[in-house]
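[1] I need the structure of the sequence given here:
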Amino acid sequence: MTTTETIKSPTYGNWRLPRKAGLGSLGLVGTVGLFGALVLVLLTSMFSLNSAVVVGVPFVLTLAPLAIRTQDRRNLYNLAGVRIGWLHRKANRQHLYVSGPLSARPGGRFRPPGLLSRVTMLEGRDPYDRPFGVLYNRPRNQYTIVIGCEPDGGSLVDPDQVDTWVALWGEWLSQMAHEPGLRGAAVVVETAPDPGTRLAAEVFGRISPDAPPAARAVMEEVVYDYPSTSSEMNTYITLTYNGARRAKEETVADLALRMHGLLGGLIEAGGGWAEPLSAERIAEVVRIAYDPAVAPEVLDVRAQYGYTGMEWIDAGPAAAVETVSQYQHDSGVSRSWLLTLAPRGTVRSNVLRSLLEPTPGLRRKRVALVYRPIDPATSARIVESDRRTAQFMASSTRGLVRARAATEVEAAEQTAAEEAAGAGLVEFSMVVTLTVDSVAEMRDANVTMRNLLGATRIAMRPADRMQAAAFTCALPVGVLPWEQTMVPQEIQEAL
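    Residues are numbered from 1 along each chain as shown. As a prediction, the model looks like this:
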């Protein structure tokens, strides 16, 4: 007699886009413009019908682009802004970058380009006297610390332990809303083929001169063959803070005091070993991202001497070219994708496993989850607004649409109840960057990306005409995407 037992594993989800004020897809600005246009047209029609038509047509042409939206809720003005920005950068030759001693840039160094051109590096020491680097964005007065960790894998781990890790990770994210001055956070998971440098340094340094030839041959074969089937995985967490009106040294000292609590929460959430990265290590990460071919040399120098001497001012590429669909930088060609739609319904804890695991055929891959914590007062206002809107939509619809509206009410009620119980509200997005060796390999990389997304139920779109900015946002350097626009965030949300 055999019996079957159903194994139930926890599911997650209930993420939702906050409903914006306004009629349909117009948004708040479009709705106000629509009512203003109607009033003006009605007043004009009292004198002349032809005048009313002349007044109404420009309003229609102005408001229509606000009502037409893509799947990721971008209107025609958003699309036009991206294209105009790309044409402007191309006309000013800002899509080209050359640095170094033979370039026209002052100093003759290899400074990182684009959004990192005005970022400088500071350095402090944490309570354990470990050096850590701080990226200082002077125009925005922001400070970013980078934490490197080695998360515990999910293999051979009990489901209860995985559930506990997910719960503690959610608690760590919810605490970000109470972190003074925190503007945003990001988790960057980088995978690449293992060059075998660290393995060779470890094994060859331990082989005895008197070892038998057969044993030596076996160890050498392991060193040469193992890297072809293995990969390296690096995980970084960035935290970006607003700088207070005080000296840089005081701000760095304040960040050092917060380090212990931040690392403790990460370790409890399954982050494994975690420590802040030094200024040299941050520069190495950025240098390898722009020039993947130097990764074995950087690892070899670090394995031999314990340091590389890399400086932030030399972490950029010697040359870079941005095109509509890709970004060419030194020895690599990259393309980035942006999140447009999170998985609908519920998912399990391994929903991103296929996207995070090493992928054959790629020089490097970076998956960056970007988080924007929301303060408790704003969180309460958002969930209550969503709750009222969902109830209104459910009461004013019928048939099949009513069933979906009822589901929206249930999700909004659950979100409101969790927020009232102390849960935090966090906005999130994701940037994925694939790097290959040549332009000819990019077609295969596009196919690989489509296959990876099919397994995760996530919708993403290529970051065309802004590949350089998306590449930078996927690096562990604390660049917050929502702050890199000319239009303020409040106005964008109203659109």
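
[2] What's the end-to-end length of stretch 327-345?
    End-to-end span of stretch 327-345 (Cα to Cα, to the nearest Å): 34 Å.

[3] In that stretch, which residues are buried?
    Using 16 or more other Cβ atoms under 10 Å as the test for burial, stretch 327-345 gives 327-340, 342. Where C-beta positions appear, they are placed from N, C-alpha and C, glycine not excepted.

[4] quick one: residue 381 from residue 27, how far?
    Counting by Cβ to Cβ, to the nearest Å, the separation of residue 381 from residue 27 is 18 Å.

[5] Looking at the two, which has the bigger crowd around it?
    residue 27 (22 against 12; other Cβ atoms under 10 Å).

[6] right, and the more buried one touches residue 66 too?
    Yes: the pair residue 27 / residue 66 is scored as a contact, 6.3 Å apart, by Cβ atoms under 8 Å.

[7] So what does residue 47 have for phi and psi?
    When read as degrees, to the nearest 10, the backbone of residue 47 gives phi -100, psi -40.

[8] show me where pLDDT drops low in the protein?
    Along the chain, segments meeting pLDDT under 70 span 1-9, 18-22, 24, 195-202, 204-205, 223-230, 393-394, 396-405, 488-495.

[9] Tell me the residue in it that is farthest from the middle.
    The outermost residue of the chain, judged against the average C-alpha position, is residue 47 (55.6 Å), by Cα atoms, centre = their mean.

[10] so how far is residue 35 from that one?
    For residue 47 relative to residue 35 (Cβ to Cβ), the value is 20 Å.

[11] now do residue 349
    Per Cβ to Cβ, residue 349 is found 47 Å from residue 35.

[12] More neighbours: these two, which one.
    Set residue 349 next to residue 35 and count neighbours by other Cβ under 10 Å: residue 349 wins out with 17 against 11.

[13] which SS class is that one?
    Put simply, residue 349 is coil when judged by DSSP: H, G, I helix; E, B strand; the rest coil.

[14] I'd say it and residue 12 touch.
    Yes: counting by Cβ under 8 Å, residue 349 does reach residue 12; the two are 6.8 Å apart.

[15] residue ranges of the strands in this structure, please?
    96-98, 119-125, 131-137, 142-150, 182-193, 231-242, 273-276, 319-322, 327-329, 332-341, 364-374, 425-436, 459-462 (DSSP state E).

[16] Partner strands of the third one, with direction?
    Spelled out, it's strand 131-137. Strand 131-137 sits in its sheet next to strand 119-125 (antiparallel), strand 142-150 (antiparallel), going by DSSP bridges.

[17] ranking those by burial, who's on top?
    Mean neighbours per residue, mean count of other Cβ atoms under 10 Å, is largest over the strands paired with strand 131-137 for strand 142-150, with a mean of 22.

[18] could you give the angle of it to strand 231-242?
    Strand 142-150 and strand 231-242 meet at an angle of 150 degrees, taking axes from the mean of the first three to the mean of the last three Cα atoms, to 10 degrees as the criterion.

[19] Using CSV, write down the CA coordinates of strand 142-150.
    What follows is strand 142-150, C-alpha atoms only, in CSV (Å, rounded to 0.1, in the frame of the first residue of the first chain):
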residue,chain,number,x,y,z
GLN,A,142,24.5,61.4,-1.6
TYR,A,143,26.7,58.8,0.0
THR,A,144,26.7,55.1,-1.0
ILE,A,145,28.2,52.2,0.9
VAL,A,146,28.6,48.8,-0.7
ILE,A,147,28.4,45.5,1.2
GLY,A,148,29.7,42.3,-0.2
CYS,A,149,28.1,39.0,0.9
GLU,A,150,28.0,35.3,0.2
